[in-house]
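Asker: Generate coordinates for the sequence data below:
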Amino acid sequence: MYDLVIIGGGINGAGVARDAALRGLRVALFEREDWGAGTTGASTRMVHGGIRYLLYDVPTTRTSSEDAGRVRRIAPHLMFRIPFLWPLFGGSRLRAEAMEAFLSAYDPHARAKGGLRHARLSAEEARRIEPGLAPDVTGALTLDEWGVDVFRLAALNALDARAAGADVFPHTEVEEVLFSGRTVRGVRVRDRLDGRAWGVEARLVLNAAGPWAARVAALAGASVPLRPGKGIHVTFERRIGNFGLILEGIDGRTLFLVPHGAETIVGTTDDDYYGDPARVDAEVTRDEVEYVIEAAARALPQARRWRPLRAWAGVRNTLFEWGVAADALSRRHEVIDHEARDGVPGLLSMAGGKLASYRLFAEEATDVVLKKLGHAPRPCVTGTRPLPGAEEPPDFQALARRIPLPPAAIERVWRRLGSRAADVLGAASPAELAPICRSEAVTAAEVRHAVREEGCRTLEDLRRHTHLGAGTCDGLDCAAPAAHLMAELLDWPPDRTRAEIAAFLEARWTQRRPVLAGADLAQEEVLRGVVGTRRARA
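Answerer: Numbers count the residues shown, from 1 in each chain. All right, here's what the predicted structure looks like:
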């Protein structure tokens, strides 16, 4: 019997699995897809302090900033500094002085996560460093935030939980909650890839299913008060500016333009969502895409010059409030005890929260778990213990001397694997160092590592763990060779290999289609039918 079963392998569930296992609990973690495949992976991919919450939710800004600093220390290879400009317009809703006062209030929070204090720039100074700014920009304010590889962050939390003794099960869905009398005493699960089903006993079950949390709670006759919100992002296939930008939508909502690797991410929107979170990518509309691009072009007109690469969406598990606009909902978090709320002993739920404060949320949830289990308090070490790959500082020169790869490719691998890149690349044969995905510098050696050591079981898993097919190639060049290598490692039959390639390319098309219109859409539909089919048969 486990002490704790966790349902949901996003950043919150994986964070609790790591914390609880490191505090000595017997833990099982179940995720219906892959680590971070839901809300976590659909975020703006920043561990930021929540500057837009400073007006109405100061505690969230404070805790997010403080914990972002801790995450930066335990996973430096996954994070990168993003200097931002906040353009000022003559007709802005907030006067420049008020906006600067706002950033002065944010400066202490920025310092908590290693950022620099803000500065105010004239129009000339702003255009000197960002020449593409709109002609009516009258100045700018600066601030610092931090970008993060969200898929790796979730995966490394799950993998470190496994290293600490937890049993972790991706692609395993909870189908039923098991009871002893009126008390929850476990779950029945099914492996979604091979169909195996089994029951699991536990002293306590924690529902960390994000926007699915209400559905999971309902399996036990309980409820979680959520107000799910849909947010979309648009990705451009190049950096369209030198800096991150804080944008204002036509309706006054705040968006971000974020340089991320070789690409640019723009988002996000905030709208109430009543559908299936698993299908939200397929429900991105052309109007939503245009709303995001319009906000980018307002500050950086050249955004209209470049065709976007894809649009993607996610669903936030924000706590329920009535009479509040979706973008003003609090990002606070809460651990719900269903014994007290619904008369269902043995079940807890995590609701709300932000990526930046996931570690703190996990710590608080683990504290509640220990108390419910009757254990004495045990110290939390997740704020100081490095995540896998962060144990040693990088030595690119030493790696470059040992590994016959371009320095830029070595740095990309290090950004994913950290100090473990030396072992993965150092043990590889020359053939294994050949790139499978050139746009993201993914080698056969890294694919083997992801399958053998990190448990990747599908091409989509591989994309999340290695970035394969996540760049400008969109998988057209690398899906087939990667699938054939996975088939060799996992003993897939030919039908499974073809199905993996087809599903991978279909997922890329789902995100590509909303950014196309007219002749571009018709042309790419033809290309998809000809080139995609040919490569799928390779």
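Asker: which residues of the stretch 101-250 of the chain fall in helices?
Answerer: In the stretch 101-250 of the chain, the helices defined using DSSP state H, counting those that start in this stretch lie at 123-129, 150-163, 213-219.
Asker: looking at it, V280 is touching E288, isn't it?
Answerer: No - look at V280 against E288 with C-beta atoms under 8 Å: they stay out of range, at 11.1 Å. Yep, even glycine has a C-beta here, placed from its N, CA and C like the rest.
Asker: Quick check: G252 vs H118, distance?
Answerer: From G252 across to H118, the span is 21 Å (C-beta to C-beta, to the nearest Å).
Asker: If you count surrounding residues, which of the two has more?
Answerer: Counted by other C-beta atoms under 10 Å, G252 and H118 do not tie: H118 has more neighbours, with 20 against 8.
Asker: Based on its surroundings, how many neighbours for the closest residue in space to that one that isn't next to it in sequence?
Answerer: Once flanking residues are discounted, H118 sits nearest to L103: 4.1 Å by C-beta to C-beta, 6 or more residues apart in numbering. L103 has 19 neighbours, counted by other C-beta under 10 Å.
Asker: E145 versus L103, what's the distance?
Answerer: 12 Å.
Asker: Now do the shared contacts for those two.
Answerer: Taking C-beta atoms under 8 Å, 6 or more residues apart in numbering as the contact criterion, L103 and E145 have no common neighbours.
Asker: Spit out the contact partners of the residue nearest to H118.
Answerer: Residues in contact with L103 (C-beta under 8 Å, 6+ apart) are 86, 118, 141, 143.
Asker: got a winner among the residues you listed for most neighbours?
Answerer: Busiest of the contacts of L103 [other C-beta under 10 Å] is W86, holding 27 neighbours.
Asker: looking at it, that one is touching G139, isn't it?
Answerer: No - counting by C-beta under 8 Å, W86 does not reach G139; the two are 9.5 Å apart.
Asker: Check whether A158 really touches G15, as I assumed.
Answerer: No - A158 is beyond contact range of G15, at 9.2 Å (criterion: C-beta under 8 Å).
Asker: For stretch 234-253, list every residue counted as buried.
Answerer: 234-237, 240-241, 243-249, 253 (16 or more other C-beta atoms under 10 Å).
Asker: cool, stretch 87-103 as well?
Answerer: 87-88, 96, 99-100, 102-103.
Asker: Point out the least confident member of these, please.
Answerer: On pLDDT alone, A96 ranks lowest of these, at 79.
Asker: Excluding chain neighbours, give the residue nearest to that residue in space.
Answerer: Nearest to A96 is L88, by C-beta to C-beta, 6+ apart, at 5.0 Å.
Asker: can you check R18 too?
Answerer: What sits nearest to R18 in space, not counting adjacent residues and going by C-beta to C-beta, 6+ apart, is A161, at 4.2 Å.
Asker: Relative to V515, how far out is that neighbour?
Answerer: Counting by C-beta to C-beta, the separation of A161 from V515 is 37 Å.
Asker: Settle it for me: which of those two has more neighbours?
Answerer: A161 (27 against 23).
Asker: What's the separation between the more buried one and I7?
Answerer: 14 Å.
Asker: what do you get for V447?
Answerer: 29 Å.
Asker: Please identify which of these two sits among more neighbours.
Answerer: Taking neighbours as other C-beta under 10 Å, V447 and I7 compare with I7 leading, 29 against 24.
Asker: Can you name the residues bridging to the more buried one?
Answerer: For I7, the beta-bridge partners are F30, N207 (DSSP bridges).
Asker: Would you confirm that it contacts L204?
Answerer: No - with contacts counted by C-beta under 8 Å, I7 stays clear of L204, the gap being 11.6 Å.
Asker: Which residues are in contact with G10?
Answerer: Per C-beta under 8 Å, 6+ apart, neighbours of G10: 31, 35-40, 154, 208, 210.
Asker: For H77, state which of those is nearest.
Answerer: A154 (14.9 Å; C-beta to C-beta).
Asker: List the single closest residue to that closest one in space, sequence neighbours excluded.
Answerer: G36 (3.0 Å).
Asker: That neighbour in helix, strand or coil?
Answerer: coil (DSSP: H, G, I helix; E, B strand; the rest coil).
Asker: Can you get me a residue count around it?
Answerer: G36: 29 neighbours (other C-beta under 10 Å).
Asker: so where's the stretch 51-200 of the chain uncertain?
Answerer: 52, 55-56, 91-95 (pLDDT under 70).
Asker: what are the ranges of the strands in it?
Answerer: 79-89, 120-122, 137-148, 167-169, 172-180, 183-191, 197-207 (DSSP state E, counting those that start in this stretch).
Asker: And those: which comes nearest E411?
Answerer: strand 79-89 (11.0 Å).
Asker: in its sheet, what does that closest one sit against?
Answerer: Here strand 79-89 is paired, per DSSP bridges, with strand 137-148 (antiparallel), strand 244-248 (parallel).
Asker: relative to its centroid, which residue of the protein is most remote?
Answerer: Going by C-alpha atoms, centre = their mean, the residue of the chain most distant from its centre is G181, 38.5 Å out.
Asker: So what does it look like in phi/psi?
Answerer: phi 70, psi -120 (degrees, to the nearest 10).
Asker: i'd like the first residue to be 32 from this point on
Answerer: New numbering, starting at 32: the last item is G212.
Asker: how close does it sit to D505?
Answerer: 53 Å.
Asker: And the buried residues of stretch 265-284, which is closest to L490?
Answerer: Among these, and counting by C-beta to C-beta, the member closest to L490 is T266, at 19.2 Å.
Asker: Show me what that closest one is bridged to.
Answerer: I296, R341.
Asker: show me the contacts for it.
Answerer: 294-297, 339-343.
Asker: Can you point out the buried residues in the longest helix seen in the chain?
Answerer: If you go by DSSP state H, the chain has its longest helix at helix 525-543. For helix 525-543, burial by neighbour count (16+ other C-beta under 10 Å) applies to 527-533, 535-536, 538-543.
Asker: do the same with stretch 207-226
Answerer: Buried-residue list, stretch 207-226, by 16+ other C-beta under 10 Å: 208-210, 215-218, 220-222.
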